[in-house]
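with the input below, show me the fold.
(one chain, ligands or ions: 1)
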Amino acid sequence: MAVIPAGQPGLDVKQSWDAMGMRANCANTLLLDCRIPIQNCVGGPGGGMTRLTHSLPALILGLAAASLGIARAAQSFANDHVMRRKLAPTGQPLAAFQGVRLHVADMATTVHTARLSLLHGAFTAETDQLEALPALNMTKYICNKAAIAVADTAMQVTGGHGFLRANPLERHYRDARAGAVMGANLDALRDMIGKAALGLDPRSDTITAPTGENRPTSGKRQRSRLREDYLTGRLT
Ligand SMILES: Cc1cc2nc3c(=O)[nH]c(=O)nc-3n(C[C@H](O)[C@H](O)[C@H](O)COP(=O)(O)OP(=O)(O)OC[C@H]3O[C@@H](n4cnc5c(N)ncnc54)[C@H](O)[C@@H]3O)c2cc1C
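Have a look, this model is predicted:
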């Protein structure tokens, strides 16, 4: 992992990234045909992955927080809209419909749940970074799913208004989808969460005999082995 100044001779950035959502972010292809000063290598030559591994909790929390922010923005837009949009012939706002309020309740509880999960993930990460990994995976999963669900519900209750490009909801709707594919994607997260729940090795899909000496490593032993790998940079 290295920091390379823009305009460095031999560095070619292919502007190939044109994404549907989170468009301020990019992951362009880099073609590199130059030498990089050793002081530009983050963590020293070959040390980048260890640094990256150690900042994993912050990275996961950051991505989860971005999704929670999207969920809250979509919820806020929808709540505001259903209070202001009045329908003929009664002149009552959309919020006068119980069916609309049920959607509002779904958004509120989903955001609340995601927020609690994020707070818990942050608390656990501060207390014990490694113990936090399974909890953080769940946090990202919950927040990613919350953003998609809330943006979708908000799109429903705001009707054609939410669908207009002039309104921010269409951006929240597109942005929400990005969180689910950005590493670790939702399916990989589910797999890791399932393995953690069963006390299995997160790096292996093979399960040894379920009883006797070769039974799967207990959650406690598994975590202690993971801690060792984590601290020595072997866990990637
Ligand atoms: C908005 C945005 C910003 C990004 N920014 C960056 C960035 O800054 N830096 C960077 O390096 N990359 C970035 N990426 C790229 C992103 O990290 C990749 O999209 C991601 O690594 C997944 O790779 P992929 O798209 O090739 O999907 P694939 O790896 O091909 O996965 C496709 C699908 O296969 C399934 N799948 C894959 N792996 C597993 C697994 N282990 N278990 C179960 N199912 C699985 C899932 O359904 C997954 O969605 C960004 C992506 C987005 C959308």
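
going by C-alpha atoms from here, please, whenever you check contacts or count neighbours.
Will do.

what's the neighbour count on the residue of the chain found nearest the ligand?
Closest contact between the chain and the ligand, by CA to the nearest ligand atom, is at Ala188 (3.5 Å). The tally of other residues near Ala188 (other CA atoms under 10 Å) stands at 14.

go on, Leu68?
29.

before we move on, what about Ala66?
19.

please state the offset of the strand or helix carrying it from the chain centre?
Here Ala66, judged by DSSP states H and E, is contained in helix 56-84. Relative to the centre of its chain, helix 56-84 is centred 11 Å away, using CA atoms, centre = their mean, to the nearest Å.

could we number from 5 for the rest of this?
All set: I'll call the first residue 5, so the last point we hit is now helix 60-88.

and it, what does it pack onto?
strand 96-97, helix 102-131, helix 133-167, helix 173-185 (3 or more CA pairs under 8 Å, 6 or more residues apart in numbering; DSSP states H and E).

got CSV for those, with mean neighbour count and mean pLDDT too?
Compiled in CSV, these are given as follows (neighbours: other CA atoms under 10 Å; pLDDT from 0 to 100):
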stretch, mean neighbour count, mean pLDDT
strand 96-97, 14, 98
helix 102-131, 18, 96
helix 133-167, 23, 93
helix 173-185, 23, 97
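
which other helices and strands does the helix or strand that the helix holding Ala70 is followed by contact?
Per DSSP H and E, the first helix or strand lying C-terminal to helix 60-88 is strand 90-91. Of the remaining helices and strands, those touching strand 90-91 by 3+ CA pairs under 8 Å, 6+ apart are strand 96-97.

tell me the strands beside the strand it packs on, with direction?
strand 90-91 (antiparallel) (DSSP bridges).

contacts for the strand it pairs with next, please.
For strand 90-91, the surrounding residues in contact (CA atoms under 8 Å, 6 or more residues apart in numbering) are 96-98.

run the last query once more with 10 Å
96-100 (CA atoms under 10 Å, 6 or more residues apart in numbering).

got it, and stretch 189-196?
The contact list for stretch 189-196 (CA under 10 Å, 6+ apart) reads 137-138, 140-146, 148-149, 182-185, 187-188, 197-202, 204-207, 209.

among those, which are in reach of the ligand?
182, 185, 187 (CA under 6 Å from any ligand atom).

want to try a markdown table for those residues, with distance to Ser59 as columns?
Putting those into a markdown table (distance: CA to CA, whole Å) gives the following:
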| residue | distance to Ser59 |
| --- | --- |
| Ala182 | 21 |
| Val185 | 20 |
| Gly187 | 14 |
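
looking at those, spot the one nearest Met26.
Ala182 (6.6 Å; CA to CA).

contacts only, for that closest one.
Counting by CA under 10 Å, 6+ apart, Ala182 has contacts 23-27, 71, 148, 151-152, 189.

which among those gets closest to Met53?
For the contacts of Ala182, the nearest to Met53 is Asn189 (19.3 Å; CA to CA).

and that closest one, what are its phi and psi?
Note on Asn189: its backbone torsions stand at phi -70, psi 160 [degrees, to the nearest 10].

can you check Leu15 too?
Leu15 adopts backbone torsions of phi -100, psi 120, taken as degrees, to the nearest 10.
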